[in-house]
Each structure stands twice: as C-alpha cells, then as structure tokens.
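A.B. asks: Need coordinates for the following:
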Amino acid sequence: MMITVEDNPLALLELLWVREAWGLTPAADGPPPLEQPPAKLGAANVDAEWERTWPQLWQECLDHLAIETGPLLQQLPNTADGSPERAHLLGLVLGPSWHDRFGDDSLGTPFLTWQAEQRSAQPNTHDVPLDATPERRSVRALVSAWEAGLMKVVTLPCRGEYTRAVSGSTLIVTNNDHRDPDRYDAALREFASGSLK
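C.D. replies: Reported below is the predicted structural model:
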C-alpha cells in the first residue's frame, strides 16, 4: 500500500492566495479561508477575467492532482533540452496554474513572502513519531480508502472543514481535518464509501 500526502500543492495555494489577497468572490465550491490570510492587495480593481477564470482554473488544478506524473517524468530524458516536446511534457507534469495563466503581476513578492511565512509556521513532520502521524492513527480507515482507490491525500492550510474527492483517487482535506483523528477517519470512511463529491 502506498499513499502520497501532499501538503504544499503550489497551484492550489496560488489560487487560494489570489482569492483572498485580491478579494475575489468566485462562484465555486472552494475551501474556507486560509489559516494565515495574506495582506489584502485590492478588490475594487480586480480584473473581471480573474473572477470568471478562478472557478475553472480551480477545477483544472484539482483534476490535475489525480494525474499520475511518474510515466511522464520518465519520458523527459528522451526529449531534447529546450525542445517543444520537452516543454509539452513539463507542462503536463506541472499542470495548470494561476502563474502560468496570469503571470507574476498577480502574485510576485507578496505571494512568495506569504508562502515562506506559511511554510515556516507548519510543524516539522519529521519531528512527529511515526505512531503519532495522521496516517498511522487512522490506518484502518486509510486501508479501506486505499482499497477503494485512494492514492493521494492533499492537505490545504484552510480554516474549518473541507473534504472533497477528486477523480476517485485523491482526497482533499484541510490541515485541521488531517490532524484531527476523528475528522480524518470520517473523511477516509466517506472516501471509501464513495459518498464524497
């Protein structure tokens, strides 16, 4: 049994940061606000295209989480440096992102500063004894979810609860849900039962 836990999904962090820093209010099934909200950069001057694009890009980034990128990475050595083929493969591996769609102007130094602060505030998972890790504490529910197709758990630094399944192989939860044994067990059981949307 192998499960990947991804706790810094860059494309999703960019979207969540943009949503809050620029005051977007997209009509999407997005997670609750970030635990560490960024400084507000504006709302009145927000490009209407950003507001329209956010939900679509959020879904594209979620869908990309379920893609197995290992085989794509194995093809890279067979492409020439700087070739269109390599650029295409790298694009498939990295997936869509706010940065690729809109460039540095909407992110820049404020995003990098927030990201560094957010990373430094995260507990060091290497300091946690194996028996105290969320996956070990919830191993029975994790096995059931794995048997139902779970391959990856993605955690988001958002307040409150948010649990979603993507493509039958990926579970998205907030950091709080991941750290809380009862809520994590419940999320894994919901995944295993197929009742998550």
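
A.B. asks: excluding its backbone neighbours, what's nearest the spatially most distant residue from the centre of the chain?
C.D. replies: Centroid-distance maximum for the chain: Ala80 at 30.5 Å, with Cα atoms, centre = their mean. In space, and not counting its chain neighbours, Ala80 is closest to Arg86: 6.5 Å by Cβ to Cβ, 6 or more residues apart in numbering. (C-beta placed from N, C-alpha, C; glycine too.)

A.B. asks: For this structure, just list every one of the strands.
C.D. replies: Taking DSSP state E, the strands of the chain run over residues 4-6, 152-156, 163-166, 170-174.

A.B. asks: Which one of the ones you listed lies nearest to Ser195?
C.D. replies: When those are compared for distance to Ser195 using Cβ to Cβ, the nearest one is strand 163-166, at 8.9 Å.

A.B. asks: Relative to Leu24, how far out is the residue nearest to Ala80?
C.D. replies: Note on Arg86: its distance to Leu24, by Cβ to Cβ, to the nearest Å, is 34 Å.

A.B. asks: so who does the residue nearest to Ala80 touch?
C.D. replies: Leu76, Thr79, Ala80 (Cβ atoms under 8 Å, 6 or more residues apart in numbering).

A.B. asks: what's the answer for Leu196, then?
C.D. replies: Contacts of Leu196 by Cβ under 8 Å, 6+ apart are Thr163, Arg164, Ala165, Leu171, Ala187, Glu190.

A.B. asks: can you rerun that using 7 Å?
C.D. replies: Contact analysis of Leu196 by Cβ atoms under 7 Å, 6 or more residues apart in numbering lists Thr163, Arg164, Ala165, Glu190.

A.B. asks: likewise Thr155?
C.D. replies: Neighbour list for Thr155: Val5, Asp7, Val173, Thr174, Asn175, His178 [criterion: Cβ under 7 Å, 6+ apart].
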